[in-house]
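*Asks:* Just need the structure, nothing else, for what follows:
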Amino acid sequence: MKFEHLRRRLPWIVVAALAAWVALEIVLLPFGAIRELRRINPSETAFMRDYISRTEEAGRRPRLRHRWIPLGQIPLHARNAVILAEDGAFWSHSGFDWFEFGESLKKNFAELRAARGASTISQQLVKNLYLSPSKNPMRKIKEWILTWWLEQSLRKERILEVYLNVIEWGDGVYGVQAGAQYHFGKDASLLTREEGARMAAMIPSPRRYKPGQTTRYLDRYTRTILTRMNARNM
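*Replies:* I've put the predicted structure just below:
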């Protein structure tokens, strides 16, 4: 009789345990660290730590390139190029671009593969800062919660500044300043309009490109970004 009673209750026990685990994962999210971003520049990210771990496991010595630069020193055309390439509705959405999300679902369903992403700059930032490159459901839930909190806690200008200073622009290369020095041998403040567009075109696959390297894809995407900038009088 006791065994039968336990068997009937087992599904509810499993659900309760799962709910408790999810609740704990949410409580432990770095809400305080996000609020501190208002005044503190992050010195490292989850993706930087992942790079160091991967490099050491491969028996190589990590060489991390990362230098902070204020948003005002990043040329406006370089900022615009990144926004148009990664998140055209950045200034108007509240962390999630639901139109792009819907279009992504339709395309991925039609092709039965992850053919199109829909992550906003805010989503990419919290993933880079605090989460892992994995795509498991729990990580995605954390990303959504932290993205909402990020948008409540920081101004858009600050979100963009942090994003441009921490995203990857090569193997071990993080932030637009290190990226500009690595790919073009100059400070980010000196990037030309085309160089800014080319750096924006590298973001989806940053480890693929070495300094001075070009491909048909990179050339084509750079021209596409420049055309979008012209269309918007940037």
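*Asks:* what's the helix or strand for Ala85?
*Replies:* Secondary structure from DSSP states H and E places Ala85 in helix 76-86.
*Asks:* Report all helices and strands that that helix contacts.
*Replies:* Using 3 or more C-beta pairs under 8 Å, 6 or more residues apart in numbering; DSSP states H and E as the contact criterion, the elements in contact with helix 76-86 are helix 121-130, helix 156-166, helix 193-202, helix 216-231. Yep, even glycine has a C-beta here, placed from its N, CA and C like the rest.
*Asks:* Select, out of these, the one closest to Ala85.
*Replies:* Distances from Ala85 to each of those were compared using C-beta to C-beta; the shortest belongs to helix 193-202, at 4.0 Å.
*Asks:* which helices and strands sit right next to that closest one?
*Replies:* Judged by 3+ C-beta pairs under 8 Å, 6+ apart, helix 193-202 is in contact with helix 76-86, helix 176-184, helix 216-231.
*Asks:* so can I have a markdown table of these showing mean pLDDT?
*Replies:* As requested, the helices and strands packed on helix 193-202 are exported to a markdown table (pLDDT from 0 to 100):
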| stretch | mean pLDDT |
| --- | --- |
| helix 76-86 | 97 |
| helix 176-184 | 97 |
| helix 216-231 | 96 |
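*Asks:* Of these, which is nearest Lys135?
*Replies:* Distances from Lys135 to each of those were compared by C-beta to C-beta, and the smallest falls on helix 76-86, at 18.1 Å.
*Asks:* Would you mark the buried spots in the closest one?
*Replies:* His77, Ala78, Arg79, Asn80, Ala81, Val82, Ile83, Leu84, Ala85, Glu86 (16 or more other C-beta atoms under 10 Å).
*Asks:* One more: stretch 70-77?
*Replies:* Applying a neighbour-count criterion of 16+ other C-beta under 10 Å, the buried positions in stretch 70-77 are Leu71, Ile74, Pro75, His77.
*Asks:* Spit out the contact partners of the last one.
*Replies:* By C-beta atoms under 8 Å, 6 or more residues apart in numbering, the residues touching His77 are Leu191, Arg193, Gly196, Ala197, Met229, Met234.
*Asks:* Ok, the third one next?
*Replies:* Applying C-beta under 8 Å, 6+ apart, we find Pro75 in contact with Ala188, Ser189, Leu191, Arg193, Gly196.
*Asks:* Pull up the gap between it and Ala188, please.
*Replies:* Shown here: Pro75 relative to Ala188, a distance of 8 Å by C-beta to C-beta, to the nearest Å.
*Asks:* can you check the last one too?
*Replies:* The gap separating His77 from Ala188 is 12 Å, by C-beta to C-beta.
*Asks:* still on that earlier bit, ok, the buried residues of stretch 70-77 vs Ile145, which is closest?
*Replies:* Sorting these by how near they are to Ile145, with C-beta to C-beta, puts Leu71 at the top with 25.8 Å.
*Asks:* With adjacent residues omitted, what lies nearest to the closest one?
*Replies:* Counting by C-beta to C-beta, 6 or more residues apart in numbering, the nearest residue to Leu71 once its immediate chain neighbours are dropped is Glu161, at 3.9 Å.
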